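In: what's the 3D shape of this:
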Amino acid sequence: MKIFIAGATGAIGRPLVTGLVAAGHEVIGMTRTSEKAHVLTKLGAKPVVVDAFDAVAVRTAITHAQPEVVIEQLTSLPQTYTRTSMNAAAELDARLRREGVKR
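Out: Below you'll find the predicted structure:
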């Protein structure tokens, strides 16, 4: 099965990619940076670098990939857990839920 995962390099996305590739699925992983795209390649997925807030780019990536399934795992967890970093992550996650996922 061809599966498109938005948020493929996140805390949930990365193990999901690993499991789906191991199960024999073709995985296209959406991430926001080229650095993280290399991680997806190493995991056996085809990376696509897209800003989740760019609705046209997201639609284009999904249309180009032609997946059978789209899985949304967008989130923003900080590298370190401080009050400031957690508050910033919560704000970004709220924005993802308002703007990024609806499109």
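In: what bits of this protein have low per-residue confidence?
Out: Counting by pLDDT under 70, the chain shows low-confidence ranges at 78-79, 85-90, 92-93, 95, 97, 100-103.
In: redo that, cut-off 50
Out: 103 (pLDDT under 50).
In: Would you map the strands across it?
Out: For the chain, applying DSSP state E gives strands covering 2-6, 26-31, 46-49, 69-72.
In: So which bits of the last one are buried?
Out: Meaning strand 69-72. Buried residues in strand 69-72, counting neighbours by 16 or more other C-beta atoms under 10 Å, are found at residue 71. All C-beta atoms are positioned from the backbone trio N, CA, C, and that covers glycine.
In: Now for the residue lying farthest from the centre of the chain: which residues touch it?
Out: Distance from the C-alpha centroid of the chain peaks at residue 83, with 24.5 Å (C-alpha atoms, centre = their mean). By C-beta atoms under 8 Å, 6 or more residues apart in numbering, the contact list for residue 83 is empty.
In: separation between it and residue 10?
Out: Using C-beta to C-beta, to the nearest Å, one gets 21 Å for the distance from residue 83 to residue 10.
In: Comparing the strands of the chain, which comes out most buried?
Out: Counting by mean count of other C-beta atoms under 10 Å, strand 26-31 has the highest mean neighbour count of the strands of the chain, with a mean of 25.
In: With only the CA atoms kept, save stretch 53-72 in CSV.
Out: Taking Å, rounded to 0.1, in the frame of the first residue of the first chain, the C-alpha atoms of stretch 53-72 are listed here in CSV:
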residue,chain,number,x,y,z
PHE,A,53,0.9,25.8,6.6
ASP,A,54,1.2,26.0,2.8
ALA,A,55,-2.0,24.4,1.7
VAL,A,56,-1.2,24.5,-2.0
ALA,A,57,2.2,22.8,-1.4
VAL,A,58,0.6,20.1,0.8
ARG,A,59,-2.1,19.5,-1.8
THR,A,60,0.5,19.3,-4.6
ALA,A,61,2.7,16.9,-2.6
ILE,A,62,-0.2,14.6,-1.9
THR,A,63,-1.5,14.8,-5.5
HIS,A,64,1.9,14.0,-6.9
ALA,A,65,2.4,11.1,-4.5
GLN,A,66,-1.0,9.6,-5.3
PRO,A,67,-1.2,7.7,-2.0
GLU,A,68,-3.9,5.2,-1.1
VAL,A,69,-3.9,6.5,2.4
VAL,A,70,-2.9,9.8,4.1
ILE,A,71,-2.0,9.8,7.8
GLU,A,72,-1.7,13.1,9.7
